[in-house]
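Asks: quick one, what's the 3D model for this:
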Amino acid sequence: ATIRWGRPPYDAFTTCGVLLWTKETQAWSEVSVLGHMYSLRPDHEEGGKKLHGPNITNELSDGALIHIGGTTLLFRTGDCHQGTSGATILRQLQQLQ
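Replies: Purely as a prediction, here's the structure:
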């Protein structure tokens with residue numbers, strides 16, 4: 001479903017959606033084709049609301065989750081050994097369900 005506002009370039013969602021969860025927001029957001037962040041859409045016909053705020057970003061941070069086409073990926077930075085352990089992040093993931 002394409003979201004159209006004003007003049008081109010038009011923004012859009014992918015068919016299955018690309019979702020992002022970060023420790024900063026503690027919530028899932030959908031990333032549009034142009035990289036804007038939106039609340040989760042209720043169905044594939046209408047889009048969610050565009051998110052604004054100091055913690056709303058499409059930049060990945062250590063421990064971020066990326067959900068693409070039924071697969072969830074855990075993003076880790078190169079200096080992750082100094083921060084939260086993988087086991088701690090897995091426990092946090094289990095609490096999301």
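Asks: use CA for all of it now, contacts and neighbours both
Replies: Fine.
Asks: wait, is A87 part of a helix?
Replies: Yes - with DSSP: H, G, I helix; E, B strand; the rest coil as the criterion, A87 is located in a helix.
Asks: quick one: the helices in the protein?
Replies: 86-96 (DSSP state H).
Asks: now the residue most central in space within it: how far from L73?
Replies: Closest to where the C-alpha atoms of the chain average out (C-alpha atoms, centre = their mean) is L20, at 1.5 Å. Between L20 and L73 the computed distance is 10 Å (C-alpha to C-alpha, to the nearest Å).
Asks: overlap in contacts of those two?
Replies: Residues touching both L20 and L73 (C-alpha atoms under 8 Å, 6 or more residues apart in numbering) are L65, I66, H67.
Asks: just the residues you listed now: which is nearest L93?
Replies: L65 (9.1 Å; C-alpha to C-alpha).
Asks: from A12, how far out is that closest one?
Replies: L65 is 21 Å from A12, by C-alpha to C-alpha.
Asks: more neighbours, these two?
Replies: L65 (20 against 17; other C-alpha atoms under 10 Å).
Asks: any stretches of this structure with poor pLDDT?
Replies: 1-8, 43-47, 52-54, 79-86, 96-97 (pLDDT under 70).
Asks: strands along that one, start to end?
Replies: Ranges of strands in the chain, per DSSP state E, are 2-3, 11-12, 18-21, 28-31, 37-38, 65-68, 71-74.
Asks: now for the fourth one, which elements pack on it?
Replies: The reference is to strand 28-31. Judged by 3 or more C-alpha pairs under 8 Å, 6 or more residues apart in numbering; DSSP states H and E, the packing partners of strand 28-31 are strand 18-21, strand 37-38.
Asks: quick one on the thing from earlier: check contacts around the nearest residue to the residue nearest to the centre of the chain once chain neighbours are set aside.
Replies: Spatially, and ignoring its direct neighbours in sequence, L20 is nearest to I66 (4.8 Å; C-alpha to C-alpha, 6 or more residues apart in numbering). I66 is in contact with V18, L19, L20, W21, T72, L73, L74, F75, counting by C-alpha under 8 Å, 6+ apart.
Asks: sweet, I'm off.
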